[in-house]
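Participant: What follows is a predicted protein model with its sequence.
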Amino acid sequence: MSKGGVADAERVFALDCEMCYTTDGPEMTRVTVIDGELNTIYETLVKPDYRILDCNTRFSGITEEDLSGVRTTIRDVQAVLLSKFSDKTILIGHSFDSDLKAL
């Protein structure tokens with residue numbers, strides 16, 4: 001439970017993903033979720049499944065060095081987010097359709 005007795009799964013969150021370009025197309029390299037008070041409730045770098053061609057650093061700020069040693073996969077991220085959200089959760093974001101496709 002969080003503030004006011006409202007479960008996290010019933011709250012509003014903003015979600016954003018950063019992408020890189022791989023041999024299989026765009027893949028997620030970072031996911032960030034914040035709550036209504038701008039607290040980061042989840043953030044992690046994500047290891048793409050395929051070889052990176054371009055980190056898209058100009059827009060994402062993420063470099064290949066940032067991703068070296070990262071072991072978190074998209075499946076790990078999906079598991080965490082599914083445990084935090086429910087059908088009552090409201091998610092918002094910029095270019096949200098792209099982020100949901102990546103997830």
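Facilitator: Noted; the coordinates are in hand.
Participant: contacts, neighbours, all on C-alpha from now
Facilitator: Fine.
Participant: what's around the nearest residue to V70 once chain neighbours are set aside, how many residues?
Facilitator: Closest residue to V70 apart from its sequence neighbours, by C-alpha to C-alpha, 6 or more residues apart in numbering: K47 at 5.7 Å. K47 has 20 neighbours, counted by other C-alpha atoms under 10 Å.
Participant: in stretch 20-40, what's buried?
Facilitator: Using 16 or more other C-alpha atoms under 10 Å as the test for burial, stretch 20-40 gives C20, Y21, T22, P26, E27, M28, T29, R30, V31, V33, I34, D35.
Participant: rewinding a little: what values do phi and psi take at the residue nearest to V70?
Facilitator: Main-chain torsions, K47, degrees, to the nearest 10: phi -80, psi 120.
Participant: dump the residue contacts of it.
Facilitator: M28, T29, L67, V70, R71, T72, T73, I74 (C-alpha atoms under 8 Å, 6 or more residues apart in numbering).
Participant: and the residue most central in space within the chain, what helix or strand is that in?
Facilitator: For the chain, the residue nearest the mean C-alpha position is V31 (2.0 Å; C-alpha atoms, centre = their mean). Using DSSP states H and E, V31 falls within strand 25-35.
Participant: Could you list every helix and strand in contact with that strand?
Facilitator: strand 12-22, strand 40-45 (3 or more C-alpha pairs under 8 Å, 6 or more residues apart in numbering; DSSP states H and E).
Participant: and D99, which of these is closest to it?
Facilitator: strand 12-22 (5.6 Å; C-alpha to C-alpha).
Participant: What are the buried residues along that closest one?
Facilitator: Those would be V12, F13, A14, L15, D16, C17, E18, M19, C20, Y21, T22, for strand 12-22 by 16+ other C-alpha under 10 Å.
Participant: What is the distance between that strand and the centre of its chain?
Facilitator: Its chain's C-alpha centre and that of strand 12-22 lie 5 Å apart, by C-alpha atoms, centre = their mean, to the nearest Å.
Participant: Can you tell me the strand partners of that strand and which way each runs?
Facilitator: strand 25-35 (antiparallel), strand 52-54 (antiparallel), strand 90-92 (parallel) (DSSP bridges).
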